[in-house]
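In: sequence and predicted structure are below.
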Amino acid sequence: MYLAYLWAQERYGPKLHARCMNLLKAVGDAYDLAFRDVDVLITPTLPNLPAKLPEGGNSGGPLTLMRMASGLLANTSPLNITGHPALSLPVGFSSSREDPAVKLPVGMQIIGRRFRDVDCLKVAAAWEKAFDWKTV
């Protein structure tokens, strides 16, 4: 990511940086708007199940692995810049895309209002008290 930043900075300069900062502000504002009606937001931690890693240590290189992981952070990474607290907890299992016999853990992400980390913890505690994620 840092190398991509350096490349973009060299190629496009401060104009791109300013535009990105405006977009980051818009993302935070959109979350704040959603919290006008609710205390927490619930999303899947990952938007889809991860792909199976290549076998035998032959990953095809870092770009191949990055391509495989592309988009997996779409639900979590925006919160790194908005200031909204979030946590993920396991809530069950889902079948692997490549082999339905393989069960992969599924996570629930709880997102709270800025500076309201305790709301996320309370919701997570209530869910854990009500359900055993290993049997769901």
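Out: Everything's here; your move. Residues are numbered from 1 along each chain as shown.
In: in contact with L79, which residues?
Out: For L79, the set of contacting residues under the criterion of C-beta atoms under 8 Å, 6 or more residues apart in numbering consists of 31, 85-86, 111. The C-beta positions use only the backbone N, C-alpha and C, and glycine is treated the same way.
In: and the helices in the protein?
Out: Taking DSSP state H, the helices of the chain run over residues 2-12, 14-34, 62-69, 79-82, 117-130.
In: coming back round to it: got a winner among the contacts of L79 for most neighbours?
Out: Highest neighbour count within those: I111, with 24 neighbours (other C-beta atoms under 10 Å).
In: isn't it up against T82?
Out: No. Under the criterion of C-beta atoms under 8 Å, I111 lies out of contact with T82, with a separation of 9.1 Å.
In: which neighbours do these two share?
Out: Y31.
In: lowest-pLDDT helix or strand in this structure?
Out: helix 62-69 (a mean of 79; mean pLDDT, DSSP states H and E).
In: circling back: which stretch in the helices of the chain has the least confidence?
Out: Of all the helices of the chain, the minimum mean pLDDT falls on helix 62-69 (a mean of 79).
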